[in-house]
Structure formats: structure tokens, C-alpha cells
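# Below: sequence and its predicted model.
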Number of protein chains: 2
Amino acid sequence: MTEGSRRERLRAETAREIKETALALLSEGGPGAVTLRAIARRMGMTAGAIYGYYATRDDLLTALIDDVYTALMDEIEQACDALPADDASGRLLAWAETFRRWSVANPEGFRLVYGEPVPGYRPPPGGPAPGAERRACAGLVTLVAAAWPYLTSPGEVSPKGSQEISPYEWSDFGPGLADEVRASHPGLPPSAVALALRVWGRMHGLVALEVHGHLRVQARHPDKLYRDEICDLVTSLGLPAPGPRP
Amino acid sequence: MTEGSRRERLRAETAREIKETALALLSEGGPGAVTLRAIARRMGMTAGAIYGYYATRDDLLTALIDDVYTALMDEIEQACDALPADDASGRLLAWAETFRRWSVANPEGFRLVYGEPVPGYRPPPGGPAPGAERRACAGLVTLVAAAWPYLTSPGEVSPKGSQEISPYEWSDFGPGLADEVRASHPGLPPSAVALALRVWGRMHGLVALEVHGHLRVQARHPDKLYRDEICDLVTSLGLPAPGPRP
DNA sequence: TCAATTGCTGAACGGTGTGTAGTAGCTGAA
DNA sequence: TTCAGCTACTACACACCGTTCAGCAATTGA
């Protein structure tokens, strides 16, 4: 892979430095500060030189989003893997709390991944980071799959309570996700995927409001709200309520 | 108010036309199309002329956001008021479905209100449309207040189930919201406001993911997911499950 | 040693938001 | 009716943006 002809090594290193500089500018000066000219200026180059590495500004940003999204998923998965595999409540809580903590600490990163990243950016069709996004969805399906026995009794098709209203088919989901889930969780019904996507939305809502400045005006302790919401989510999945704060 | 000295009338009319043109450009060409020069061009003016009406581009956008947010709240409240006041389930569902329908139909409006509105816009401190936002929060509190009897039994302080984990004080919320709620719903505990904000987040999550293009890649029918999620929300509030689709 | 490739510069083009000087036209009182 | 004053607007300038391109200098491989 790293067929290190000196030129290629320098080239890869510069490409990395461009992304690094863009990220630094993003966290220092906000989305408006990420311009090709500013990146080049800081690196001692001209703006035109960047076009040797990325065909367009949006290409650079897409690469950046992929990096940031991947880093977020690394952090989330690491937090989950620190808990025993059978601790479904703990893993769900860890996922949610890690997601929120990261989002609040890196609002620009959150905007990059889940909002309008930077003035004028238009994402490519299929999304800027399909790999990391599928990783997120598949991970959530695994969490829901761990809770599935708590939701269904033997011989029962639908989960208890009102978790499921309408029936789902595999064709209701993107082929990439559906195939991946069927391969990794044989026997899991498509309704579980629907539930996982709803869990995704439930984890996302309060964080999105908070990062975009809506929640902080109304509530002094969004973390408390979020924790309550996630605890409610955990118990609504039939899982035992998680312990007190770590 | 409309002290119609001809000059003032013309002036107000022009200010309105500027916002109208900006809104038209937004829905036609997306966020990137809203530039002072484009607005002026369409109105047969120069960009500089707009500074006679709005001190800066962001001021114009702030006025625009306030208009759009107000229109959204008008629509939501109208949908709720079409149902009997004691139909708490129906009103909650109507709120959520109207919110999602509006957001999907006006993604630019959604971005304007809940995301990064337009390239480079920085909202004023306190948010661009504090009035409409408080209207939203207060409306959700009213919905939760209608469900409160279902959640608590006489003599009980905390609601049933795991809806409440930590106790809340009035000081946990923005003074504007807290005062408004205490005046309009005497006897309602602060925990109900916390629950209302969580309901806000839960209604918001899936819609935010969908508008920003994340959900559509994974799921073919986000409306089905959303409806299930809201039905689950309704029953988790102790309310009777809403009927079939209208 | 030398031709080919590569990486970068510097200037240019058309676009943006934002100020400012100057002008044309409307308003209201003499 | 006349005319001073104010207002809304234009025209232009400035600094910045993404993007392109001709040309130059350094590195590379033979």
C-alpha cells in the first residue's frame, strides 16, 4: 500500500497536512475560517497549490468529514467495548453519552458531520462519509439486537409494548445496511432495524438542538435532560435501568 | 402602529419585498443563492440600497428567520387547534406530523430555523427568533400538561414509570420560559417542563437526520419510522394510542 | 548528463459582503 | 409655486472568496 517512492510519501504527507490545517482553522475560527486561501497561507503556499491534492474545495471537505466521522465512531466504539458485551444497558448509555460529549466539545465537528458543514458546501450524492455512517447504523442495530430478547418473548413476533406499530420489510432499508445486518445478525427481523434507526433519532434530537443553540436558552443543564432521556430510552427497550453516573 | 405617512408605508413595503425576495431565492436556489446582490438584482436595485433597510446581511436573515419560524408555529398551532382541547394524543400527533411535513417540504426553512441557515450567517445572542421559539416550548409544555394527569396519580410527586430520574427546579430553566409556564399552568411542577423539552428533542431527532440527508440513505420510508416513534412517545406519556392515519 | 515529470507561483476572472461619496427625487413649509 | 431638506438610491472601491492557467524551478529516472 505505502509503496514509498519518496515523492508519494511527501505527497501523502502534504495531503494530510492540508486536512490537519483545515481542521485547526475550523476549531479556531469556526466554519467561516476554513478557506483554501487561509489553509494555504498558514502552510506557506498559494491557494492554487491545493488543487494538486484535491480537485475542489468540496472534495477536501468531504475527505475531512470522513476523517472526523471516523474518529467519532472510533471513540464511540471504544467506549462501548470498554464494557462487557452482555451489558446492553451500559453500552447504550455509553454510546449516547460519548456521542453527546463529543458533539458538545466539537460543535464544528458535529456541524461537519450532521449539519451544514461550512459555508456553501454541497455533499456528494450518497453522503460525504458513507462508510462511517453505515458503521454507526450497524452499531446501533447491534445494540438493539442485544436488547431484542428483552423485547420479545418466545413465539412472539412483535416486541412488547408499542415499540412496533407497522410491520417492516427488508426492502424498507438501504440495501447496504440491510445486507450487512442480515449477514451479521441472522434471525433478526427488519423491525429491529427500524427500531435502531428510531434509537438513532432519539439520541440525536436533544444533541442537535443543543449544538445549534436552541436548548441552552431554555434549559441550564442539557446534560441532565439528555441523561434522563437516554435512561428512559434504555428502560423503554426493556433493559434494566443503568446504574448511577460513573 | 401603521402611522401611514406615505414615506413610511413605502418604506415598510420595500422592507417586506426584500424579505419576500430573499425567501423566493432561498426556495429556488438553496441557501447559497441568498445574496444581497441577487436580491437587489431581482428587485432592480443595487446591493448597497438594502443597507438602508437592514444594517447588515445577518440582520436581514434574522428578520427572515423570525418570519419563517412564526409561520411554522402558526401552522402547527392551527393543526392542533383543529382538534378538541381534551384530545391530548391527537394534538401531540398533529404537532409532530405538521412539524415533520413542514420540515420535509421546506428543508431550507428548516435549516434557516434549526441549522446553519445560509453560508456564513452568525445568529445574534439569544437566538434569531426568541419569540417563536418560546411559543414552541410553551406549546409543548401545554401538551405535556394535558398528559400530566395520566402520568401522576393523586398524592404522587413523580410521574409513573421512568419518565423522571433526577428532580428539577424552576431555576433549571430559562427565566422567560419558567415565568411563562408558572403563570399559564399554576401547579405544574418543573419536571413537566423538563419532560416537555425532552419531547421537543424526540420530535426533532428523526426530522433533523432526514432533512440533512442521513435517514433517506438508510430507510425508504422515514414517515413510517417517524409515526411509529411519535406513537411510542404518546403511549410513553400514558396517553391512549392515537387512531389510524387520517 | 539530460529530458520528462512534478509542485508550486503569481496573476487573472467573476463572485461575494460591506462601506462611502454623490445624486436624483420626494416632502413639507414658506 | 418655490425651494430647502431629507431620503433612497447609484456608482464605485475594498478586501476576500473559489477556481483556472501559463510558466518556472526542482526533482526524478534513464
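Yep, that arrived.
# Pull the number of nearby residues for the closest residue to chain B within chain A.
Of all residues in chain A, A:Gly205 sits closest to chain B, at 2.8 Å by CB to the nearest CB. Every residue, glycine included, has its C-beta placed from N, CA and C. Counted with other CB atoms under 10 Å in any protein chain shown, the neighbours of A:Gly205 add up to 26.
# where do the helices sit along chain A?
Remark: helices assigned in chain A by DSSP state H are A:6-29, A:36-43, A:57-81, A:88-105, A:107-114, A:130-151, A:175-184, A:190-211, A:215-218, A:222-236.
# Any idea which of those gets closest to B:Glu97?
helix A:190-211 (15.0 Å; CB to CB).
# Could you list the alpha-carbon positions for that closest one in CSV?
C-alpha atoms of helix A:190-211 as CSV (Å, rounded to 0.1, in the frame of the first residue of the first chain):
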residue,chain,number,x,y,z
PRO,A,190,-36.3,-6.0,9.9
SER,A,191,-38.4,-4.4,12.6
ALA,A,192,-35.3,-4.3,14.7
VAL,A,193,-33.5,-2.2,12.1
ALA,A,194,-36.4,0.2,12.2
LEU,A,195,-36.2,0.4,16.0
ALA,A,196,-32.4,1.0,15.7
LEU,A,197,-33.0,3.9,13.4
ARG,A,198,-35.5,5.3,15.8
VAL,A,199,-33.0,5.0,18.6
TRP,A,200,-30.6,6.9,16.4
GLY,A,201,-33.1,9.7,16.1
ARG,A,202,-33.8,9.8,19.8
MET,A,203,-30.1,10.0,20.6
HIS,A,204,-29.7,12.7,18.0
GLY,A,205,-32.6,15.1,18.8
LEU,A,206,-31.6,16.8,22.0
VAL,A,207,-27.9,17.0,20.9
ALA,A,208,-28.8,18.7,17.7
LEU,A,209,-31.0,21.2,19.5
GLU,A,210,-28.2,21.8,22.0
VAL,A,211,-25.3,22.2,19.5
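# residues of that helix that come out buried?
In terms of neighbour count (16 or more other CB atoms under 10 Å in any protein chain shown), helix A:190-211 has its buried residues at A:190-211.
# before we move on, what about stretch A:224-243?
A:224-239, A:242.
# likewise stretch A:5-19?
A:15, A:18-19.
# Could you check it against DNA strand D for contacts?
Yes: judged by CB under 7 Å from any atom of the strand, stretch A:5-19 comes into contact with DNA strand D through A:5-7.
# Report the angle between the helix or strand bottoming out on mean pLDDT in chain A and helix A:36-43.
Sorting the helices and strands of chain A by mean pLDDT, DSSP states H and E puts helix A:6-29 at the bottom, at a mean of 89. Interaxial angle of helix A:6-29 relative to helix A:36-43 (axes from the mean of the first three to the mean of the last three CA atoms, to 10 degrees): 110 degrees.
# Could you chop chain A up by domain?
Following automatic domain parsing, one finds the domains of chain A at A:1-55, A:66-236.
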